[in-house]
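**Q** just coords:
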C-alpha cells in the first residue's frame with residue numbers, strides 16, 4: 001500500500017536527498033553537460049555570424065585594421081572628444097548587408 005507522505009516526511013526526504021553524494025555527483029555531471037551545450041550554442045552563433053559577415057565581404061584583415069585604428073585613437077586620446085551631434089545608427093542588417 002502506497003500511502004501519501006506528510007509535509008514533514010517530504011521535507012525530511014528532501015533534506016536526506018540533498019545530502020546524498022549520488023545527488024551531488026549527478027548534479028555535477030548535469031552542470032558539466034549543460035556547460036558543454038552552452039559552449040556549442042555559442043560556437044554555432046559565432047559560426048552563423050561569421051558566415052554572414054564573410055558573405056557581406058567583411059574580412060579578417062578589415063577587422064584587424066579596425067582594431068588597429070581604434071587602438072591608435074585610444075593612445076592619442078581621440079576617443080575622449082565630445083560629440084556635438086548624435087552618431088548615425090545602423091541596424092545589424094545594414095551593417096552586415098543582410099536582408
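**A** Perfect, thanks for sending it. Just so it is clear, the model here is predicted, and its values are computed rather than measured.
**Q** Could you list the low-pLDDT ranges of this protein?
**A** By pLDDT under 70, the weakly predicted segments of the chain are 1-2, 78-85, 87-88, 98-99.
**Q** what helix or strand does the residue nearest in space to the middle of it sit in?
**A** When C-alpha atoms, centre = their mean is applied to the chain, the residue found nearest the centroid is residue 42 (6.1 Å). Using DSSP states H and E, residue 42 sits within helix 21-55.
**Q** now that helix, how far from the centre of its chain.
**A** Relative to the centre of its chain, helix 21-55 is centred 9 Å away, using C-alpha atoms, centre = their mean, to the nearest Å.
**Q** Please name every helix or strand in contact with it.
**A** The helices and strands touching helix 21-55, judged by 3 or more C-beta pairs under 8 Å, 6 or more residues apart in numbering; DSSP states H and E, number zero. Heads up, the C-betas are built off the backbone N, CA and C, glycines and all.
**Q** quick one: buried residues of that helix?
**A** By neighbour count on 16 or more other C-beta atoms under 10 Å, the buried set for helix 21-55 is 52, 53.
**Q** which element follows it toward the C-terminus?
**A** Following helix 21-55 in sequence order, the next helix or strand is helix 60-76 (DSSP H and E).
**Q** so how far is that next one off the chain centroid?
**A** Its chain's average C-alpha position is 24 Å from that of helix 60-76, according to C-alpha atoms, centre = their mean.
**Q** Residues contacting stretch 4-20, please?
**A** With C-beta atoms under 8 Å, 6 or more residues apart in numbering as the test, stretch 4-20 has contacts from residue 23.
**Q** Quick check, residue 56 in contact with residue 94.
**A** No - look at residue 56 against residue 94 with C-beta atoms under 8 Å: they stay out of range, at 10.1 Å.
**Q** Could you name every residue contacting both of the two?
**A** Contacts common to residue 56 and residue 94, judged by C-beta under 8 Å, 6+ apart, are absent.
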